[in-house]
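Asks: no sequence on hand, only this structure:
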């Protein structure tokens, strides 16, 4: 995996592409990804809105704002925001964000027709490995809606354990994956 280090050796810029396997890769978000992201979210808005409140109001302006924030934060080494590409098709997203010291948060989503194929598990595992490896994280947390059993099972598959109800969001549980040394 190629990385760019900025002065001070503290900031590691995530690579543009992470090859996960023969079917799945992660491609860094760019400003021109606003429309394709809006199209994908819009096509499955009702499904996404069940577990991700932001999806309900995701519009063109929000898509542009999200891409700008993603690009800026990745350039600063504060986040790692990727499109999930499955067999050359954009199907979802996986992100490390809220990086503070040796911890960060992870989020992910995938369009309904691509669920149940292990795609997000592979993508999230690759990004977890980047976080624990190149970024030197020791903890990755996931806030998962209590009714989202699929996401909770995915969190377990990437090594996270249920810690408690999320104090920031009472309808969410807090899951944490810890680097094993």
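Replies: It's in. Because the structure is predicted, anything quoted here is derived from the model rather than measured. Residues are numbered from 1 along each chain as shown.
Asks: can we go C-alpha only for contacts and neighbour counts from here?
Replies: Fine.
Asks: mind checking the SS state of the closest residue to residue 110 other than its chain neighbours?
Replies: Closest residue to residue 110 apart from its sequence neighbours, by Cα to Cα, 6 or more residues apart in numbering: residue 92 at 4.0 Å. Under DSSP: H, G, I helix; E, B strand; the rest coil, residue 92 falls in the strand class.
Asks: OK, contacts around the nearest residue to residue 11 once chain neighbours are set aside?
Replies: Take residue 11 and drop its neighbours on the chain: the residue closest to it by Cα to Cα, 6+ apart is residue 77, 5.5 Å away. Listed by Cα atoms under 8 Å, 6 or more residues apart in numbering, the contact set of residue 77 reads 11-14.
Asks: just put those residues in a markdown table and tack on distance to residue 72 and neighbour count.
Replies: Listed next are those as a markdown table, based on distance: Cα to Cα, whole Å; neighbours: other Cα atoms under 10 Å:
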| residue | distance to residue 72 | neighbour count |
| --- | --- | --- |
| 11 | 14 | 17 |
| 12 | 14 | 20 |
| 13 | 11 | 21 |
| 14 | 12 | 27 |
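Asks: out of the residues you listed, which sit inside helices?
Replies: Applying DSSP state H to the contacts of residue 77, no entry is found in helices.
Asks: pull the number of nearby residues for the residue nearest to residue 110.
Replies: 24 (other Cα atoms under 10 Å).
Asks: next: the one 5 residues further on.
Replies: When neighbours are counted by other Cα under 10 Å, residue 97 registers 21.
Asks: and it, what's its pLDDT?
Replies: We have a pLDDT of 93 for residue 97.
Asks: tell me which element it is part of?
Replies: Per DSSP states H and E: residue 97 is located in strand 89-100.
Asks: which helices and strands sit right next to that strand?
Replies: On a contact count with 3 or more Cα pairs under 8 Å, 6 or more residues apart in numbering; DSSP states H and E, strand 89-100 meets strand 80-86, strand 103-110, helix 119-132.
Asks: where's the dip in pLDDT among the contacts of residue 77?
Replies: For pLDDT, the smallest value among the contacts of residue 77 belongs to residue 11: 71.
Asks: show me which helix runs longest in the chain.
Replies: Max-length helix for the chain by DSSP H is helix 60-75.
Asks: got the angle for it vs strand 80-86?
Replies: Helix 60-75 runs at 110 degrees relative to strand 80-86, counting by axes from the mean of the first three to the mean of the last three Cα atoms, to 10 degrees.
Asks: buried sites along helix 60-75?
Replies: 63-64, 66-68, 70-71, 73-75 (16 or more other Cα atoms under 10 Å).
Asks: that'll do, ta.
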